[in-house]
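Enquirer: One predicted model, sequence on top.
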Amino acid sequence: MAGIGFELRKLLKKRSYAGLLQTYVYAGIISSGPWVLSIIGILVVGLLSISVVVPNVLISQFQVTVTYIIAISLIFTGLAQLVYTRYIADRLFENKEDLVVPTLNGLLLVILLIGGTIVGSVAYWFFPEQSILYRFLIVIGFSTLSSIWLVAILLSGLKQYMQIFWSFLLGYIVVVGSAFVLRRYGMEGLLAGFVFGHIILLMSMLFQVYRSFPESSCVSFSFFNRNEVYLSLVVSGFLFNLGLWVDKFMFWFNPDTGQQVIGPLHASVIYDFPLFLAYLAIIPGMAVFLVRIETDFAEYYDRFFRAVREGSTLEYIEVMRNEMVISVRKGIFDIAKIQTIFVLISFLLAPSFLSWLGVSLLYLPLLYIDIISASLQVALLALINILFYLDERILVMKLMILFVLTNLLFTWISFNLGVVFFGYGIAVSLTVTLFIGLWILNRLLDRLEFDTFMMHN
């Protein structure tokens, strides 16, 4: 497939500091742009609504509702995200591009029917004091975001990152604009603007998919064929998203750290806001991750396995293997180096940034550990990506099980140790998972030729 790696390599060929800067800016936009736009968009909607949406607690109810919609839709669609990406990759390898659109339609139909029914039932039974419009918007918002994650996963797998960024930019311009117009209608108006903007976002991404691929039929459920589904990918996708949110749920529903906001939905003033800001600090690491994985590593990976498939000389295979291993280790080291520098810069700027936002400096210790956690997440993403390139599905699944269990354990321990240790649960969990994964990856790389030839034969 013609991927983003070609575009990045073309920029790198300029052999100048300007070209290098342009490459990393481009990579930062396409790798981090969507969620940065999401964070900024939701914050702007809240700021624009102050003094208009009265009482201000309605703004908090809107933001908490949106957070839950995002979290639940990510965890739910995690069951299909990775396995569907693998299915599409296999079909494209077989030159069956006509199956992309029908299977996407089939998957969206099943996800919407199951997820919409579950969320609709929850909205009906657990939000009796809320308006019918509010409950309706929850269901539509969940269904829309679930569809967005799946279509975005497809476009990411096809390396169409810029299409995703422009769709998110358009969608969040509409989100902010619609919320600004509808804010006079209170929380339901803000939520309606949020949902409408994401419907536009989804339509934009679907347009990119539908215009890129032919279709042999309208809907196909061949994706659900038992022989096409890798259970390890189903489990990994679900547990990865669950692992990223499980500590938040624990803080939300712990009576000492969380409080009820609307219906059964809880939030944690102590825990949520610093974490929200911390994700803005991972842009450099994500840029380096994308450049290193999609240029050096992807190129040598392709050369190595093509040499194995086509029966090249052992000397050439070993050279490509060595270059691939060097690119892996250099890429991970560069991610760690750049992200560490940016973490230190963030630490220096954090007090001034919180003061500018009018936020108490008491949040600083938690913000510091959240920035470290977000940076560790970038490294874990790089590790998982490399392991998937090497088709180590079972290993990734085991690492995700470890991630969830350790996050549960260490977050529970942090509760018992007191407020000073809040946020350390997921940080320690990510550290343990990452270092065990890197140790295993190092062993895999040392015996790569043997494992590859055994698998190939």
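Expert: Structure's in. What do you need?
Enquirer: distance from the centroid: which residue in the protein tops it?
Expert: Distance from the C-alpha centroid of the chain peaks at Thr313, with 40.0 Å (Cα atoms, centre = their mean).
Enquirer: contacting residues around it?
Expert: With Cβ atoms under 8 Å, 6 or more residues apart in numbering as the criterion, no residue contacts Thr313. Yep, even glycine has a C-beta here, placed from its N, CA and C like the rest.
Enquirer: next one: Leu206
Expert: Applying Cβ under 8 Å, 6+ apart, we find Leu206 in contact with Val151.
Enquirer: For it, pull up the helix or strand it's in.
Expert: For Leu206, the host element (DSSP states H and E) is helix 186-212.
Enquirer: Can you list the helices and strands that the helix or strand following that helix packs against?
Expert: Going down the chain from helix 186-212, the next helix or strand is helix 231-253, by DSSP H and E. Contacts defined by 3 or more Cβ pairs under 8 Å, 6 or more residues apart in numbering; DSSP states H and E place helix 231-253 against helix 57-93, strand 265-267, helix 269-278, helix 393-417, helix 424-446.
Enquirer: run the last query once more with 7 Å
Expert: The contact analysis (3 or more Cβ pairs under 7 Å, 6 or more residues apart in numbering; DSSP states H and E) places helix 231-253 against helix 57-93, strand 265-267, helix 393-417.
Enquirer: between it and helix 57-93, how many degrees?
Expert: Angle of helix 231-253 versus helix 57-93, following axes from the mean of the first three to the mean of the last three Cα atoms, to 10 degrees, is 170 degrees.
Enquirer: The helix or strand just after helix 231-253: partners in the sheet, and parallel or antiparallel?
Expert: The helix or strand immediately downstream of helix 231-253 is strand 259-262, counting by DSSP H and E. Applying DSSP bridges to the sheet, strand 259-262 is found paired with strand 265-267 (antiparallel).
Enquirer: what residues does the strand it pairs with touch?
Expert: Strand 265-267 has contacts (Cβ atoms under 7 Å, 6 or more residues apart in numbering) with 64-65, 68, 252-253, 258-261.
Enquirer: If we use 8 Å, what do you get?
Expert: Against strand 265-267 from outside (Cβ under 8 Å, 6+ apart): 60, 64-65, 67-68, 252-253, 258-261.
Enquirer: Following element in sequence after the longest helix anywhere in the chain, please.
Expert: For the chain, the helix with the greatest residue count under DSSP state H is helix 314-357. Scanning forward in sequence from helix 314-357 by DSSP H and E, the next helix or strand is helix 364-389.
Enquirer: which other helices and strands contact that next one?
Expert: Identification of packing neighbours for helix 364-389 by 3+ Cβ pairs under 8 Å, 6+ apart yields helix 269-278, helix 283-292, helix 314-357, helix 393-417, helix 424-446.
Enquirer: so how far is the longest one off the chain centroid?
Expert: I take that to be helix 314-357. Distance of helix 314-357 from its chain centroid, counting by Cα atoms, centre = their mean, to the nearest Å, is 18 Å.
Enquirer: now the helix holding Leu206 against helix 57-93, angle please.
Expert: 10 degrees.
Enquirer: what's the average pLDDT for helix 186-212?
Expert: For helix 186-212, mean pLDDT is 89.
Enquirer: circling back: with mean pLDDT, mean neighbour count and distance to Phe297 added, can I get the helices and strands packed on helix 231-253 in JSON lines?
Expert: Shown next, in JSON lines, are the helices and strands packed on helix 231-253 (pLDDT from 0 to 100; neighbours: other Cβ atoms under 10 Å; distance: least, Cβ to Cβ, whole Å):
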{"stretch": "helix 57-93", "mean pLDDT": "87", "mean neighbour count": "20", "distance to Phe297": "17"}
{"stretch": "strand 265-267", "mean pLDDT": "91", "mean neighbour count": "20", "distance to Phe297": "40"}
{"stretch": "helix 393-417", "mean pLDDT": "94", "mean neighbour count": "18", "distance to Phe297": "17"}
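Enquirer: Next, format these as CSV and append distance to Phe142.
Expert: Formatted as CSV, the helices and strands packed on helix 231-253 follow (distance: least, Cβ to Cβ, whole Å):
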stretch, distance to Phe142
helix 57-93, 5
strand 265-267, 13
helix 393-417, 22
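Enquirer: Of all these, which one comes closest to Leu43?
Expert: Set against Leu43 and scored by Cβ to Cβ, the helices and strands packed on helix 231-253 come closest in helix 57-93, at 8.7 Å.
Enquirer: Give the next helix or strand downstream of the closest one.
Expert: From helix 57-93, the next helix or strand downstream (DSSP H and E) is helix 100-126.
Enquirer: Give me the buried positions along the helix or strand just after that following helix.
Expert: Once the chain leaves helix 100-126, the next helix or strand it forms, by DSSP H and E, is helix 132-157. Judged by neighbour count (16 or more other Cβ atoms under 10 Å), helix 132-157 contains these buried residues: 134-157.
Enquirer: just the angle between helix 132-157 and helix 231-253, please?
Expert: In terms of direction (the same axes, to 10 degrees), helix 132-157 departs from helix 231-253 by 140 degrees.
Enquirer: now for the helix or strand just after helix 132-157, which elements pack on it?
Expert: Once the chain leaves helix 132-157, the next helix or strand it forms, by DSSP H and E, is helix 161-182. Under the contact criterion of 3+ Cβ pairs under 8 Å, 6+ apart, helix 161-182 touches helix 17-49, helix 132-157, helix 186-212.
Enquirer: Reformat those helices into TSV and put distance to Ile75 next to each item.
Expert: Below are the helices and strands packed on helix 161-182 laid out as TSV (distance: least, Cβ to Cβ, whole Å):
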stretch	distance to Ile75
helix 17-49	16
helix 132-157	10
helix 186-212	17
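Enquirer: So, low pLDDT: which residues of the stretch 201-350 of the chain?
Expert: Applying pLDDT under 70 to the stretch 201-350 of the chain flags residues 215-216, 294-295.
Enquirer: Give me the distance from stretch 426-441 to the chain's centre.
Expert: From the chain centre to the centre of stretch 426-441 is a distance of 18 Å (Cα atoms, centre = their mean).
Enquirer: again with stretch 256-275
Expert: Relative to the chain's own centre, stretch 256-275 is displaced by 22 Å; criterion: Cα atoms, centre = their mean.
Enquirer: Make residue 1 into 777 and carry on from there
Expert: In the new count, where the first residue is 777, that last one comes out as stretch 1032-1051.
Enquirer: Span of that stretch from start to end?
Expert: 18 Å (Cα to Cα, to the nearest Å).
Enquirer: List the buried residues for that stretch?
Expert: 1033-1034, 1037-1039, 1041-1044, 1046-1051.
Enquirer: Looking at those residues, spot the one nearest Phe1123.
Expert: Taking the buried residues of stretch 1032-1051 together and measuring to Phe1123 by Cβ to Cβ, the closest member is Pro1050, at 12.8 Å.
Enquirer: Give me the distance between the closest one and Ser1044.
Expert: Distance of Pro1050 to Ser1044, given as Cβ to Cβ, to the nearest Å: 10 Å.
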